[in-house]
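# Below are the sequence and a predicted model for it; my questions follow.
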Amino acid sequence: MFREMRRGKQLLSMEDTIAVMTRCTNGVLACSGDDGYPYAVPLSYVYFNGRIYFHSAKAGHKIDAITKNPKVSFSIIDEDKIVSKEYTTYFRSVIAFGKARIVEGDERLESFTALVEKYSGNQSEEARNKEISRCKQAHIIAIDVEHITGKESIEFVNVKRQ
């Protein structure tokens, strides 16, 4: 169902792919937008329990798009170093495909807690708990990942082989 990566030598291991998902802080959600146009929106996320979670307003383009068609992709760029003398970049990235859905109940609380922990830095536990308990105006969306791959530039692959 999903295409095999054309440059298989550059495929990241699943362990490295998950490491990228865990350490990065933003990605781009792509879905089917209005009038057949693609809609891609950058957002903050957390990779938690094998799913991608993010928050969203309860109304707007993003919610309309995923309600209409829950099939989405999500991409992350972990590294992208310009190497001008080679007219290229040394990169590492991940792309995931799955279905988006609004989460409720315990899953909402657990995933929202994971989001707050990821982005709260040095905030006190009391401040974190206050944020978690008062946030009722946003949806928490999960992407149930069906396929995920990571890729890096051949230069990074070659460094690993040395």
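All right, it came through fine. Residues are numbered from 1 along each chain as shown.

# tell me the phi and psi of the residue lying farthest from the centre of the chain?
Using C-alpha atoms, centre = their mean, the residue of the chain lying farthest from its centre is Lys85. It sits 31.5 Å away. Lys85 has phi and psi values of phi -70, psi -20 when expressed as degrees, to the nearest 10.

# Check Tyr119 too.
Here Tyr119 shows phi and psi, under degrees, to the nearest 10, equal to phi -110, psi 0.

# thought it was touching Ser44?
Yes - applying C-beta atoms under 8 Å, one finds Tyr119 in contact with Ser44, separated by 6.5 Å. All C-beta spots, glycine's among them, are computed from the backbone N, C-alpha and C.

# Now for these two: what residues contact both?
By C-beta atoms under 8 Å, 6 or more residues apart in numbering, Tyr119 and Ser44 have these common neighbours: Thr25.

# returning to that earlier point: who's in contact with the residue farthest from the centre of the chain?
If a contact means C-beta under 8 Å, 6+ apart, then Lys85 has no contacts.

# As a check, name the ranges of all helices in the chain.
Assigned by DSSP state H, the helices in the chain fall at 14-23, 61-68, 105-119, 125-134, 154-161.

# Those helices: which one's closest to Val94?
helix 14-23 (4.9 Å; C-beta to C-beta).

# where does Ile63 land on pLDDT?
Confidence at Ile63, expressed as pLDDT, is 96.

# if I pick it, what's in contact with it?
Contacts of Ile63 by C-beta under 8 Å, 6+ apart are 56-57, 139.

# quick one: which of the residues you listed is nearest to Lys151?
Nearest to Lys151 among the contacts of Ile63 is Ser56, at 27.5 Å by C-beta to C-beta.

# Next, find the distance separating the nearest residue to Leu11 once chain neighbours are set aside from Ile154.
Counting by C-beta to C-beta, 6 or more residues apart in numbering, Leu11 lies nearest to Met5, which is 5.3 Å off, once chain neighbours are set aside. Distance of Met5 to Ile154, computed by C-beta to C-beta, to the nearest Å: 13 Å.

# cool, Phe74 as well?
Note on Phe74: its distance to Ile154, by C-beta to C-beta, is 24 Å.

# got it, and Val28?
Going from Val28 to Ile154 by C-beta to C-beta gives 24 Å.
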